[in-house]
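[1] how does the following fold in three dimensions:
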Amino acid sequence: MKSMHFLLTLNVGKGNSMSYTFPFTLFNYFKYYINAANGKGHGVHSPFVFSFICSVLNNKELKQEADYSNKYRALVTRMVAYYMPVSVMELEAIPSSKVKVLEEIENTNTIGLLYIKQIKNAEDLTNYFNAALKKINTQSILIFEGIHVSKKMEVSWETIKMHKEVKLTIDLYKLGIVFFRQEQLEKENFIIRF
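    Numbering: from 1, shown residues only. Sure thing, here's the model as predicted:
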């Protein structure tokens, strides 16, 4: 076990900008799974998050309507059906589209729900979040894919969680969901098994 820990530390330490190695990704997911709240809502004391778990994560009718092979994409579809945001943007953050993603965000009037897929760079994640902040309101929802792909991405996610405008975050391991609900008096961050 000691040699495995050394190997993981060695790989993570290489600039921290590269994606985690497979063994560390597995270890990281196991850590998430152990620390995550039950995906059925047991023990979750926030009424809003409990409603999210019961009405979005586990809603059988919405699951059937959004029958995709990618469960995270299907979840976003269910969120749109449940929250009915004023606008929906789904953007892909592949390396050649960074500028286009920022332009799309800057050219919108207001963000209802923004889903950015395939983010692999922590600086990009921060830039997308900062651009989106200029277009949010209390009902806006931001969804970022890839929050645990590298140490730097995890640091960026932690910075987003601490931002003064952010009222609630939900970590589903592959997706980070951000809410700006002004009626939420205290900041809350949840890790939920999905």
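[2] mind checking pLDDT for residue 84?
    On pLDDT, residue 84 comes in at 96.
[3] that one: neighbour count?
    11 (other C-beta atoms under 10 Å). For glycine as for every other residue, the C-beta is placed from the backbone atoms N, C-alpha and C.
[4] just residue 102 next, same as before
    For residue 102, using other C-beta under 10 Å, the count is 18.
[5] residue contacts, the closest residue to it other than its chain neighbours?
    Distance criterion C-beta to C-beta, 6 or more residues apart in numbering; nearest residue to residue 102, sequence neighbours excluded, is residue 131 at 5.4 Å. Contact analysis of residue 131 by C-beta atoms under 8 Å, 6 or more residues apart in numbering lists 102, 105-106.
[6] so which of those is the closest to residue 189?
    Comparing the contacts of residue 131 against residue 189 with C-beta to C-beta places residue 105 closest, at 23.4 Å.
[7] where in the chain is pLDDT low?
    For the chain, residues meeting the criterion pLDDT under 70 lie at 1-45, 61-69.
[8] which SS state does the residue nearest to residue 102 fall under?
    helix (DSSP: H, G, I helix; E, B strand; the rest coil).
[9] try residue 104
    Going by three-state DSSP: residue 104 is helix.
[10] now, among the contacts of residue 131, which is nearest to residue 178?
    Distance ranking of those against residue 178, using C-beta to C-beta, places residue 105 first at 13.8 Å.
[11] how near is that closest one to residue 82?
    Taking C-beta to C-beta, to the nearest Å as the measure, residue 105 falls 23 Å from residue 82.
[12] more crowded one of the two?
    Neighbours were counted for residue 105 and for residue 82 using other C-beta under 10 Å; residue 105 has more, 22 against 14.
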